[in-house]
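Asks: got a predicted structure plus its sequence, pasted below:
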Amino acid sequence: MSISLKFPDGAERAYDDGVTPLAVAEGISKSLAKKVVAAKIDGAWWDLTRPLEGGGKFELVMRDSADGLEVLRHDAAHVLAQAVQELFPGTQVTFGPVTEDGFYYDFARDEPFSTDDFERIEKRMKEIVDADLPIIRKVWEKEAAIAHFKSIGEIYKAETIDEVIKPGDAITVYSHGDKWGDLCRGPHLPSTGKLGKAFKLMKLAGAYWRGDQNNAQLQRIYGTAWADEKQLEEYLKRLEEAEKRDHRKLGRELDLFHIQEEGKGMIFWHPKGWTLYRTMLSYMRRRIEAVGYVEVKTPQILEQSFWEKSGHWQKFHDSMFVCETDEGEVMAVKPMNCPCHVQIFNHGQRSYRDLPIRMAEFEGLHRCESSGSTHGLLRVRQMSQDDAHIFCTDDQIVEESKAFIDLLNLVYADFGVELHSVKLALRPDQRFGTDEQWTIAEDKLEQAANLAGVQVERIANEGAFYGPKLEFHLRDAIGRTWQCGTLQLDYVLPERLDAAYIAEDGQKHRPVMLHRAICGSMERFIGVLIEHYAGAFPMWLSPVQVVVATITSDGDAYAKEVAAAMRAAGLRVELDLRNEKVGYKIREHSLAKTPVIAVVGRKEAEERKLALRRFGSDAQDVAALDAAVAALVAEATPPDLRR
RNA sequence: GCCGCCAUAGCUCAGCUGGUAGAGCACCUGAUUUGUAAUCAGGGGGUCACAGGUUCGAGUCCUGUUGGCGGCACCA
């Protein structure tokens, strides 16, 4: 009997039945066989030493490919688990998947681990690699496996098998020699030695069993693993570089903002940071005004009864800031604008002819976020959103949604950021509204996204209590993603707050509300932007656009004239007349990531010229004053105002 | 909120096994008038996050609190 393997290059070869992928690889070349970590047959994973059970499309998975890294990391997780169980008897294993850059394993142990244990654990892991234990795949009956794991005290494993595997089905267990075994889908390497030593334990964290905070808290050890030492080094270097882009560090270095102990999650915006903020707000205002939004401003603090009517009190009062007046009224600071906007909508009679009404507000919002969740600018307790609510008819939903997504794409392009992903958050367990309403709402959002040319990823259970939402995610410097833009469809709030318009039939009808934001929290968006640009903003956003720096005090008068001319032309200018060497001034303003340094010496003053030096370049661009100012103004013009 | 780690000058950090705080940058003063990434000299600056405790003596050890960091949970 023979089987036929079809290789990716199209070649097709016959092999004896029962040949292993490793033997196939060795038949091709020894060096290839060294680098191969697993195989795929018709797209399904296959262990290298497991005899093939039939022919098909055959692919060898190399250790430095994306698939190969996944195998290595899975093995690293198993080796970690073995090391931990050997060093800390009584520790139970639970679950250890691969992550984007590595892996983690969740352990159950009464005593907490400490990062001080990492050295010992890593050492033991390396010993396991050196021992080159064969990794053996075994197929077990479900019931036998449960009994086995129970008998050795692995209750989490037994529970997992019981719930994940159908009765009567078989499971696979991979073991390292006769020492250690874990339930696993595989594939795995032929032996622990193949893993190599390009791995490192990174961090320790608590994690709830099955992600539910009502369950036991486990201890998660994160690690990273790579094909070789060089890749590991590169990865660690990448992390270091990313740290330099951290918006909290840059916020301090560039004097943009600060946070202090008494105001957890509250931002003190310094003049430069606030300039950036205002520049972005002005831009957003122009963008939305141009497409038919109106702006309003509503109260910051309203009575408890108001939030009870909207439904926020019942669902969210834990995360609202609440205060009481001397006269005993209980008031809450607004966590969001929507119920306020409905009040404006409800004031007076609305006709279908008025719709859609696109009502925007940039006022501050306060949310009492839990203490462990605040994070620089990315998760704060006080913020502003580029918030708006679109009141419209059912028929207008798709059109309005599409127009919003188009606007969002335009704005993101202007800010130079790229969408990481768009998610469609579907109905949660706790929700208002009927199933039919939800189905229609979910479909309409997806339809609008498709019309705007955006692919969505549907995620179950993540919608707001009043409706499904589209989430537009961006990435930070170290790869975490944050929801920035959002579009939420809401049939519930208009109902609860009795919003209505008179339709063509002369009857009252409920409008639909679209909650939408492009930047989302301005704070968060600025945080992402700082990391995206590593603090070196494009000219139109930069808090300081030009520094006019003199060489000697002879140039003072001319420098002042230059700065005044630039200011008059609308540029944000600083004047550096200090008694310092040019080199010193250049260095300082370069470190501050100023887009343009205009150097003024005797020559420039005499010829009424400027020597411009741009961030990231040491070239000198000498131009006549008027022409230089005009050019800088053109460069500094916000994208929406450019011709 | 939960788990682990951390907290020394404005910033970055040093301070061994407990013996009454130190550097660089920044800041201030003086000198220097300088041509594209650090001119020189002098000076000021710290309740070592906070509160207790152990000790003859605590930045250092212990407990608690606050805040930060990395995760988990949460995220209208």
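Replies: Structure received.
Asks: use CA for all of it now, contacts and neighbours both
Replies: Fine.
Asks: with adjacent residues omitted, what lies nearest to residue A:529?
Replies: residue A:417 (7.5 Å; Cα to Cα, 6 or more residues apart in numbering).
Asks: so the one you found: helix, strand or coil?
Replies: Three-state secondary structure (criterion: DSSP: H, G, I helix; E, B strand; the rest coil) places residue A:417 in coil.
Asks: then residue A:67?
Replies: Following three-state DSSP, the label given to residue A:67 is helix.
Asks: ranges for the strands of the stretch 451-600 of chain A?
Replies: For the stretch 451-600 of chain A, applying DSSP state E, counting those that start in this stretch gives strands covering A:457-459, A:469-475, A:481-490, A:501-502, A:508-509, A:512-521, A:546-550, A:573-576, A:596-600.
Asks: hang on, the earlier thing: let me see the contact set for the residue nearest to residue A:529.
Replies: With Cα atoms under 8 Å, 6 or more residues apart in numbering as the criterion, the residues that contact residue A:417 are A:474, A:529, A:532.
Asks: closest to RNA strand B among those residues?
Replies: Nearest to RNA strand B among these, counting by Cα to the nearest atom of the strand, is residue A:474 at 13.2 Å.
Asks: what about the nearest residue to residue A:229 once chain neighbours are set aside, neighbour count?
Replies: When the adjacent residues along the chain are set aside, residue A:229 lies closest to residue A:198, with 4.7 Å between them (Cα to Cα, 6+ apart). The criterion is other Cα atoms under 10 Å. On that basis, residue A:198 has 18 neighbouring residues.
Asks: closest one to RNA strand B among the strands of the stretch 451-600 of chain A?
Replies: For the strands of the stretch 451-600 of chain A, proximity to RNA strand B was assessed by Cα to the nearest atom of the strand; strand A:596-600 is nearest, at 4.9 Å.
Asks: contacts for that closest one?
Replies: Applying Cα under 8 Å, 6+ apart, the contact partners of strand A:596-600 are A:545-551, A:555, A:558-559, A:586, A:589, A:610-615.
Asks: secondary structure element holding the closest residue to residue A:292 other than its chain neighbours?
Replies: In this structure, residue A:292 finds its nearest non-sequential neighbour in residue A:358, 6.9 Å apart by Cα to Cα, 6+ apart. With elements taken from DSSP states H and E, the one containing residue A:358 is strand A:357-361.
Asks: list the strands paired with that strand, with their directions.
Replies: The strands that strand A:357-361 pairs with in its sheet are strand A:293-295 (parallel), strand A:382-392 (antiparallel) (by DSSP bridges).
Asks: before we move on, the earlier item: so which of the contacts of residue A:417 is the closest to residue A:634?
Replies: Using Cα to Cα, residue A:529 is the member of the contacts of residue A:417 that lies nearest residue A:634, at 22.1 Å.
Asks: tell me, how many residues neighbour that closest one?
Replies: Taking other Cα under 10 Å as the neighbour definition, residue A:529 ends up with a count of 22.
Asks: can you check the one 5 residues further on too?
Replies: Residue crowding around residue A:534 was assessed by other Cα under 10 Å; the count is 17.
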